[in-house]
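Enquirer: Generate coordinates for the sequence data below:
(chains A and B)
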There are 2 protein chains.
Amino acid sequence: MTLFFRTVSVEDAVKAARSVAVPMQDEEAPLTAAYGRVLASDITADIDIPCFTRSTMDGYALAAADTIGASESLPAMLRLAGRVGMGGTADMPVTPGTCVYVPTGGAIPRGADGLAMVEVTESIGEDVLVKRPVAVGESIMVRGEDFAQGSVVVCGGTRLSARDIGALAAVGTTRVPVRKQPLVGIISTGNELVPVSDVPAGGQVRDINSYLIGAYLSSQGCIPEYYGIVRDERSALRSVLVRALDRCDAVLLSGGSSKDDRDMTADLIRDSGEVLVHGISIAPGKPTIIGRARGKPVIGLPGHPASALVVTLVIVRPLLFAMTGEREHDLLTRPMVLAENIPSVKGREDYIRVRIHDGRAYPEFGKSGLINTLVRSDGLVRIPAGMEGLEEGEVVEVILW
Amino acid sequence: MTLFFRTVSVEDAVKAARSVAVPMQDEEAPLTAAYGRVLASDITADIDIPCFTRSTMDGYALAAADTIGASESLPAMLRLAGRVGMGGTADMPVTPGTCVYVPTGGAIPRGADGLAMVEVTESIGEDVLVKRPVAVGESIMVRGEDFAQGSVVVCGGTRLSARDIGALAAVGTTRVPVRKQPLVGIISTGNELVPVSDVPAGGQVRDINSYLIGAYLSSQGCIPEYYGIVRDERSALRSVLVRALDRCDAVLLSGGSSKDDRDMTADLIRDSGEVLVHGISIAPGKPTIIGRARGKPVIGLPGHPASALVVTLVIVRPLLFAMTGEREHDLLTRPMVLAENIPSVKGREDYIRVRIHDGRAYPEFGKSGLINTLVRSDGLVRIPAGMEGLEEGEVVEVILW
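Expert: Numbering: from 1, shown residues only, chains lettered A, B, ... in the order given. The predicted structure follows:
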């Protein structure tokens, strides 16, 4: 029985969360289903990209030396030796005094080291007038310039964006090595909770956290598995926790409204593993539990939805990174001028909801609400543990949640 | 046959794209599958939230008047009249001189108008000492304070975030009215293209655009349907276009490397509809086609992957908003100091790829690459049509793509 909270810093809590992570195994995803997945290993170029020297404009491939001194009034005159078709090879070489028409993306013939775009040329029968000098390499992309064979195109640990998917296509990756998506069990505890489909009676509230946290997990590429509402009873909670641990890669419990209930949760985790953290110097979110049961991560989130979401962002997110191998990166922020002072307590990391209006961040003080300020706020301002607050007029990074 | 490009402004092109949109129908999604979907109509609170006046702290519900003047040295002494359990109703009223213990989130009894949190109290047998005055309303959330019955909780047109999903749970929305996800056909055209699974021979390149654009569509809540590569032949393209239009809600073609090929695409669209735009004053992305065929939107994207993606962001994105009813919102940006001048041409809207380094945005000039600068860049800087460029040291909004 934990008699007293011994709160740890956010930094130590994050370390603890990472330490309980069990890395996900690899699997292959078809390229068309790899968007948003975490790449398991570096992908290198299987060939030079482009695999041939190509033009970047419609124009005439030529020897740059042939155009030295060319101008409107004294154009260089070259004989048109042929045309390259899209997708075709450039069979005819460019010899001094000749040029070959190449469309954008077409193959540059041997002997050419530059391209005059059509806009600076004039075609007269079989002759082409070039009205300004062409530099060596102009409007040409040489073989391997985009990616040399063997070079890394997308790094392992990348959550694949549309642009990454394009790059994988370029290097022929039809089956993409990715990390399996964590199956994360969600359990809501609390005698006051009723299912969303019910109309709560006096003293009852609907189970918000299961869906709030489940949707966040979806956004992070996890698969939430819902275990519903469990009353604050030891045997009931134990049996659901065991079921969830049997199937899932990690389990998130939320609630345990009183200290006794949270202690019960911690005890249950300890029964089949260990509790590393019980209490974090963070507001909101102090009564968070970080543990390991049956070798799997178990996190006890606070019952208040806003607190549960803050802890999910600050503690569960790095846990998921450690599980999926996703490269750590900061939450998306935007600098904003703070519209009001925010007091804080030194030694505690605070997350204050803010609304953005006219380019300024307005802290949402007062009653925190169950859900109102959660949907209505635009982001969070973090006050590090070492600070006693932030002042009006300061530029702060607003976490865009 | 379009003999000349008559380019239109980006603004007019966006209007044209919106005008060809066919709004998607509504459907219902279970709450657990509604994340990222576009809400079809306003959702209102079915009941007052909270549906009872509740505490926001562990403490003693009391009449605030009983604590006037209370202090450490002269605490108010109240008789403990009972305890409220989580999820239970508050049956015993608070009468003058008494208090009732209420856990965080518990129901506040009749007669109480404030709550003394346990930290400022001391319990002595059946008496409770309150060591400072409690204000009316302190640590209490009144019925309906979060959302009053009938008030709008989440607006129609919202792409549902995790927080929105939490709010829908709070008001009992188990089946969520959402817009259907657009099924968008993707056709890549070009004689130089080979499937990703092939090793390109000289003059050939793999089909990057299908996967790049498909992944972007996935990120926007659409369902991409891949029609593969079609050679630049009228009959082949017509037959694939017809198939795609039969099944899909919109069709995106990319490629048509030469002007002739693009004209062929425009002619095919015109055969079963109309071409509204053929050429936009944008770089990259000038040779874009916006049309309607068989009553459905058809967009001809440029063949260069970077150009195709820029046009997708600038033109296709608002088209998708118009189809799904998603509320228009700006692309996510971050202010950055520009590290170098960017020249531009007045009358044309430019999108320049930039890398972010040490808080400054470095334009990626020179050879644009097929895919390298696409994956390696961190964002885009937009230069409006009315400007002749941007200067080093200016603060610009970098579109984080």
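
Enquirer: Can you list the low-confidence ranges for the stretch 201-350 of chain A?
Expert: A:256-257 (pLDDT under 70).

Enquirer: Can you name the helix or strand that whichever residue of it sits closest to chain B falls in?
Expert: The stretch 201-350 of chain A approaches chain B most closely through A:Leu212 (3.3 Å), counting by CB to the nearest CB. C-beta: built from backbone N, CA, C; applies to glycine. Counting by DSSP states H and E, the element that carries A:Leu212 is helix A:209-219.

Enquirer: low-scoring stretches of the stretch 1-150 of chain A, by residue?
Expert: A:1-5.

Enquirer: Contacts only, for A:Ile68.
Expert: Neighbour list for A:Ile68: A:Pro133 [criterion: CB atoms under 8 Å, 6 or more residues apart in numbering or on different chains].

Enquirer: what about it, distance to B:Pro96?
Expert: Separation of A:Ile68 from B:Pro96 (CB to CB, to the nearest Å): 103 Å.

Enquirer: One more: A:Asp260?
Expert: 31 Å.

Enquirer: got the contact list for the residue most central in space within chain A?
Expert: For chain A, the residue nearest the mean C-alpha position is A:Arg159 (5.2 Å; CA atoms, centre = their mean). Contacts for A:Arg159 (CB under 8 Å, 6+ apart) come out as A:36-39, A:221, A:326-327.

Enquirer: would you turn these into CSV with distance to A:Thr288 and neighbour count?
Expert: Output for the contacts of A:Arg159, formatted as CSV (distance: CB to CB, whole Å; neighbours: other CB atoms under 10 Å in any protein chain shown):
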residue, distance to A:Thr288, neighbour count
A:Gly36, 27, 19
A:Arg37, 28, 23
A:Val38, 25, 25
A:Leu39, 30, 26
A:Gly221, 23, 19
A:Glu326, 22, 21
A:Arg327, 25, 13
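
Enquirer: tell me, which of those make contact with chain B?
Expert: A:Gly36 (CB under 8 Å from any CB of the partner chain).

Enquirer: Could I get the contacts of A:Arg159 in a markdown table, plus columns for secondary structure?
Expert: Below are those laid out as a markdown table (DSSP: H, G, I helix; E, B strand; the rest coil):
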| residue | secondary structure |
| --- | --- |
| A:Gly36 | coil |
| A:Arg37 | coil |
| A:Val38 | strand |
| A:Leu39 | strand |
| A:Gly221 | coil |
| A:Glu326 | coil |
| A:Arg327 | coil |
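
Enquirer: State the phi and psi torsions of A:Thr7.
Expert: Dihedral pair for A:Thr7: phi -70, psi 140, per degrees, to the nearest 10.

Enquirer: I figured it hits A:Ser281, correct?
Expert: Yes. Assessed by CB atoms under 8 Å, A:Thr7 is found in contact with A:Ser281 at 4.7 Å.

Enquirer: What separation do you get for the residue nearest to the centre of chain A and chain B?
Expert: Distance of A:Arg159 to chain B, computed by CB to the nearest CB, to the nearest Å: 11 Å.

Enquirer: now the helices: where do they sit in the stretch 51-200 of chain A?
Expert: Counting by DSSP state H, counting those that start in this stretch, the stretch 51-200 of chain A has helices at residues A:162-170.

Enquirer: And for A:Val134, the neighbour number?
Expert: For A:Val134, the count of nearby residues is 30 (other CB atoms under 10 Å in any protein chain shown).

Enquirer: The closest residue to A:Arg317 other than its chain neighbours and B:Val251, how far apart?
Expert: In space, and not counting its chain neighbours, A:Arg317 is closest to A:Gln220: 7.0 Å by CB to CB, 6 or more residues apart in numbering or on different chains. Computed as CB to CB, the A:Gln220 to B:Val251 distance reads 32 Å.

Enquirer: These two: who's more crowded?
Expert: Legend: neighbour count by other CB under 10 Å for A:Gln220 and B:Val251, higher for B:Val251 (27 against 22).

Enquirer: Could you chop chain A up by domain?
Expert: A:10-25+A:181-324, A:27-46+A:154-179, A:54-141, A:333-399 (automatic domain parsing).

Enquirer: Take these and write them to TSV, including distance to B:Ile289.
Expert: As requested, the domains of chain A are exported to TSV (distance: least, CB to CB, whole Å):
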stretch	distance to B:Ile289
domain A:10-25+A:181-324	34
domain A:27-46+A:154-179	21
domain A:54-141	17
domain A:333-399	35
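
Enquirer: out of these, nearest to B:Arg110?
Expert: When these are compared for distance to B:Arg110 using CB to CB, the nearest one is domain A:10-25+A:181-324, at 11.2 Å.

Enquirer: Pretty sure A:Ala148 sits against A:Ile47.
Expert: No. Using CB under 8 Å, A:Ala148 makes no contact with A:Ile47, being 9.5 Å away.

Enquirer: what's the neighbour count on A:Thr324?
Expert: Neighbours of A:Thr324 using other CB under 10 Å come to 25.

Enquirer: Quick check: residues of the stretch 301-401 of chain A near chain B?
Expert: A:303-305, A:309, A:332, A:334-335, A:367-372, A:374-375, A:400-401.

Enquirer: 6 Å instead?
Expert: Contact residues (CB under 6 Å from any CB of the partner chain) of the stretch 301-401 of chain A with chain B: A:305, A:367, A:369-372, A:374-375.

Enquirer: Chain neighbours aside, what residue packs nearest to A:Glu391?
Expert: Per CB to CB, 6+ apart, closest to A:Glu391 is A:Asn341, 5.4 Å.

Enquirer: One more: A:Tyr211?
Expert: Nearest one to A:Tyr211, counting by CB to CB, 6+ apart, is B:Ala169 at 4.1 Å.

Enquirer: do the same with A:Lys259
Expert: Excluding the flanking residues, the one nearest A:Lys259 by CB to CB, 6+ apart is A:Pro287, at 7.6 Å.

Enquirer: confidence score at A:Glu192?
Expert: If you check A:Glu192, the pLDDT there is 92.

Enquirer: again but with A:Arg353, I slipped
Expert: 95.

Enquirer: Bridged to it, which residues?
Expert: Beta-bridge partners recorded for A:Arg353 (DSSP bridges): A:Leu380.

Enquirer: With adjacent residues omitted, what lies nearest to A:Gly291?
Expert: Counting by CB to CB, 6+ apart, A:Ile269 is the residue found nearest to A:Gly291 once chain neighbours are left out, at 3.9 Å.

Enquirer: How far away from the center of its chain is the helix or strand where that neighbour lies?
Expert: According to DSSP H and E, A:Ile269 maps onto helix A:259-271. Centre-to-centre, helix A:259-271 and its host chain are 33 Å apart (CA atoms, centre = their mean, to the nearest Å).

Enquirer: Now do whichever helix or strand comes after it: which elements does it pack against?
Expert: Per DSSP H and E, helix A:259-271 leads on to strand A:273-278 as the next helix or strand towards the C-terminus. For strand A:273-278, the packing partners by 3 or more CB pairs under 6 Å, 6 or more residues apart in numbering or on different chains; DSSP states H and E come out as helix A:10-19, helix A:259-271, strand A:289-293.
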